[in-house]
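K.L.:
Okay, sequence plus prediction incoming.
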Amino acid sequence: MFFNKEDNALICKLHRETLRIEGWGRNALRVRSTILRNIPENDHALTEEVKKNAEISIGENSAEIVNGDIKATVNEVGIVCFYKKNAEGKFELILQEYYSFYGGSIRKESICFKTKSREYKSKASDAFKLEVRFESDPEEKLFGMGQYQQPFLNIKGCVMPLEQRNSQVSVPFLVSSKGYGMLWNNPATGEVTFGNNITKWVADETDEMDYWITVADKPAELVENYTECVGRTPVMSEDYLGLWQCKLRYRTPEEVLSVVRKYKELGIKLDVIVIDFFHWPYQGEWRFDETYWPHDKVKAMLDELHGMGTKVMVSVWPSVDKRGCNYYELDQKGLLVTTEYGSDQTYDYQGDCGTVDFFNPEAQKFVWDKCKENYRDLGIDLFWLDNSEPDLVKYDFDNYRYYTGRASKVSCEYPKKYVQAFSDGLTAEGDDNFVNLVRSAWVGSQKYRTLVWTGDVQSNFTAFKDQVIAGQNIGLAGIPWWTTDIGGFMTEDVNDPEFVELLLRWYQFGVFCPIFRMHGDRGPYDIEPLDNRDFGGGYLHTGQPNELWSYGEEAYKIMRKYLDLRLSLKDYISGLMKEASRTGAPLIRTMFYEFPEDEKCWNLPLQYMFGPDYLVAPIFEAGATERTLYLPAGKWQNIETGEIVSGGCDITVPAPIDVIPVFKRV
């Protein structure tokens with residue numbers, strides 16, 4: 001092994017591999033390696049200017065690098081081990097790479113096993129498939145990684161695909177109960193296995209290994225160190241902290257106005273109303289269909305809505321129908337995703353479509369210019385960037401090619417490039433008060449005012465429970481702006497009492513989310529169609545009404561009660577938004593985020609903290625009328641009854657249909 005010091009970086013060379021470790025931010029190290037001639041210069045998600053200090057010592061057969069409270073050592077065969085400084089000032093081992101070929105200090109009995117910590121498998125180009133292995137501590141707990149539809153808050157033992165899909169958001173930063181956080185700084189598709197015997201990260205196609213690791217005594221400090229390096233969200237305005245109204249789908253200006261006028265009659269100020277998909281002639285035209293949305297009526301609608309203090313969001317998709325007015329220009333200019341083999345069709349919902357390649361700056365500008373001309377200049381305030389994974393005919397990542405490489409190499413970053421186009425466009429106009437609603441994200445998306453929602457999830461209690469888990473883990477991964485479709489997206493029958501019960505329980509949870517938003521595709525689809533336009537799959541239905549008054553007087557009374565509660569919390573939530581901008585802190589927080597010294601709080605997936613003050617325990621079972629929850633030590637006030645109780649124990653509280661158990665720290 002050959003060791004060298006280059007500026008503040010430790011360089012290690014063995015055979016064809018070059019390994020580089022350097023200080024990168026507070027108590028953090030960045031680790032890169034490659035078998036190419038030089039390590040590529042690509043920061044990926046590590047975009048922010050931070051200090052890169054380090055102390056490096058090189059011995060005869062090993063070397064070490066220290067940055068504050070973290071230390072890494074490299075031995076004679078290239079094994080990297082990481083240490084965290086304890087309260088006594090001594091470094092303790094927290095994580096080490098796996099290697100058994102040479103034995104070394106890891107497994108002398110396994111010298112014939114020949115499993116390496118870093119393994120490169122050549123592909124047809126200079127890129128390679130990469131596998132990186134670490135020793136696993138079976139007692140360790142792991143959290144974060146973005147938003148996955150599964151019931152585990154602690155992801156130890158889970159296998160997680162590193163790819164973007166509808167309702168799955170890969171943001172590969174994890175928080176460990178051992179006091180470290182780790183970012184897999186690679187936008188390639190792949191997989192990570194958090195096994196009890198080994199941890200293995202896989203990149204399907206890449207030209208380097210790149211990960212970043214930090215240490216701290218508290219999870220909040222890990223998130224702060226991480227977001228300092230990848231970026232934090234701006235402050236969200238109070239304009240968006242009340243009720244958002246949406247459904248599938250409002251079809252005319254008259255339908256939109258009728259809804260907002262009704263809210264006004266009820267004394268409810270609507271912060272945002274959303275105009276959903278297929279208000280356009282064809283996908284990829286990024287304009288209103290003037291047959292149903294004539295410009296004069298849209299302008300009059302916007303003027304009236306703005307006069308009532310309601311902002312308007314419009315849906316945008318990256319798909320481009322070949323029958324639309326922009327497809328062939330985009331295709332000829334090379335601004336669409338291409339395929340390596342077979343059909344050039346990349347999307348097939350209601351048409352034969354291509355997909356905009358948002359990795360290409362020219363494509364970003366093309367779409368933004370169209371949206372500015374056809375929406376923004378008309379008076380539209382906000383954009384809903386749907387299908388931002390992007391959704392594809394088939395998730396065959398080797399077959400799609402972007403401006404910067406094959407999908408298997410870069411595509412996890414696609415939603416970040418998509419939202420950047422709109423963020424840059426709006427910022428250039430001098431707007432610093434916008435929100436981009438998106439269905440997917442990657443590391444650092446939060447910098448572009450990204451509000452992630454959980455996608456097209458089912459309307460049932462199982463899916464509801466998964467969303468509460470997802471909200472906690474995506475917050476730890478650095479995305480503080482997050483929301484769900486209240487009631488889930490797909491409903492067969494809005495008149496089913498079981499659905500109404502689910503809706504109310506989900507709505508109560510929505511009060512204690514960063515954004516409070518009604519949306520869903522509500523069946524049955526027996527409403528008379530407005531038109532019979534043929535999009536390739538017949539006319540598009542409009543779902544059943546989805547406003548607060550749509551579910552009966554009793555349900556409305558409960559929803560109005562919790563809307564009033566939400567509005568009373570606006571100052572508190574605004575403070576949380578400022579904290580998120582300052583430190584990266586999520587609004588939805590795991591219990592251990594606020595109480596890291598309480599061991600029980602590391603095992604409570606189904607309750608959470610909304611900021612530092614409110615403990616929220618949603619109801620996840622139909623017919624439930626009570627809920628058992630854990631209160632950490634201290635005094636807590638039941639916000640429903642006003643009763644003050646002592647914590648440090650489990651308690652069971654009443655939870656009739658009009659009550660979600662919530663306790664405030666006092």
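P.N.:
Received the coordinates, thanks. Numbering: from 1, shown residues only.
K.L.:
Was I right to think residue 422 contacts residue 436?
P.N.:
Yes: in this structure, residue 422 is within contact of residue 436 by Cβ atoms under 8 Å, at 5.5 Å. Bear in mind the C-beta positions are built from the backbone N, C-alpha and C, glycine included.
K.L.:
can you list the weak-confidence ranges in this structure?
P.N.:
Along the chain, the model assigns pLDDT under 70 to residues 100-115, 124, 532-539.
K.L.:
any idea which helix or strand carries the residue nearest to residue 277 when sequence neighbours are not counted?
P.N.:
In space, and not counting its chain neighbours, residue 277 is closest to residue 315: 4.8 Å by Cβ to Cβ, 6 or more residues apart in numbering. Using DSSP states H and E, residue 315 sits in strand 311-316.
K.L.:
so what does that strand touch, helix or strand wise?
P.N.:
strand 272-275, helix 295-307, strand 382-385 (3 or more Cβ pairs under 8 Å, 6 or more residues apart in numbering; DSSP states H and E).
K.L.:
for these, which one sits closest to residue 355?
P.N.:
Judged by Cβ to Cβ, the one of the helices and strands packed on strand 311-316 that comes nearest to residue 355 is strand 382-385, at 13.1 Å.
K.L.:
count of neighbours near residue 197?
P.N.:
Residue 197 has 10 neighbours, counted by other Cβ atoms under 10 Å.
K.L.:
In contact with it, which residues?
P.N.:
Residue 197 sits next to 136, 138 when contact means Cβ atoms under 8 Å, 6 or more residues apart in numbering.
K.L.:
Identify the contacts common to residue 422 and residue 436.
P.N.:
With Cβ under 8 Å, 6+ apart, residue 422 and residue 436 have common neighbours 383, 385, 448.
K.L.:
Quick check: bridge partners of the first one?
P.N.:
Under the criterion DSSP bridges, residue 383 forms beta bridges with residue 314, residue 436.
K.L.:
Pretty sure residue 425 is one of the things it touches, is it not?
P.N.:
No: when contacts are counted by Cβ under 8 Å, residue 383 is not listed as touching residue 425 (9.3 Å).
K.L.:
picking that back up, starting at the chain centroid, how far to the strand holding residue 315?
P.N.:
Centroid separation between strand 311-316 and its chain, computed with Cα atoms, centre = their mean, to the nearest Å, is 20 Å.
K.L.:
Which SSE is immediately downstream of it?
P.N.:
By DSSP H and E, the next helix or strand past strand 311-316 is strand 319-321.
K.L.:
Need the residues that contact that next one.
P.N.:
With Cβ under 8 Å, 6+ apart as the criterion, strand 319-321 contacts 282-285, 326-327, 330, 336, 346-347, 349-356, 387, 390-391.
K.L.:
That one pairs with which strands, and in what direction?
P.N.:
With DSSP bridges as the test, strand 319-321 pairs up with strand 353-355 (antiparallel).
K.L.:
Which parts of the helix or strand that the strand it pairs with is followed by count as buried, going by neighbours?
P.N.:
Next along the chain after strand 353-355, taking DSSP H and E as the criterion, comes helix 361-374. Within helix 361-374, the residues that count as buried by 16 or more other Cβ atoms under 10 Å are 363, 364, 366, 367, 368, 370, 371, 372, 374.
K.L.:
Contacts only, for the third one.
P.N.:
Read that as residue 366. Applying Cβ under 8 Å, 6+ apart, the residues contacting residue 366 are 330, 333, 335, 356.
K.L.:
now do 6 Å
P.N.:
residue 335 (Cβ atoms under 6 Å, 6 or more residues apart in numbering).
K.L.:
Show me the helices in the stretch 201-350 of the chain, by range?
P.N.:
219-230, 253-265, 295-307, 327-332 (DSSP state H, counting those that start in this stretch).
K.L.:
Please apply the same query to the chain.
P.N.:
In the chain, the segments counted as helices under DSSP state H are 219-230, 253-265, 295-307, 327-332, 361-374, 407-410, 414-428, 461-476, 497-511, 553-568, 570-583, 591-594.
K.L.:
How many residues are close by the closest residue to residue 656 other than its chain neighbours?
P.N.:
Spatial nearest neighbour of residue 656, excluding adjacent residues (Cβ to Cβ, 6+ apart): residue 625 at 5.5 Å. By the criterion of other Cβ under 10 Å, residue 625 has 11 neighbours.
K.L.:
if I look at residue 625, how far off is residue 651?
P.N.:
15 Å (Cβ to Cβ, to the nearest Å).
K.L.:
How about residue 211?
P.N.:
42 Å.
K.L.:
quick one: contacts for residue 500?
P.N.:
Taking Cβ under 6 Å, 6+ apart, one finds 551, 555 in contact with residue 500.
K.L.:
Also the one 5 residues further on?
P.N.:
When the contact criterion is Cβ under 6 Å, 6+ apart, the partners of residue 505 are residue 619.
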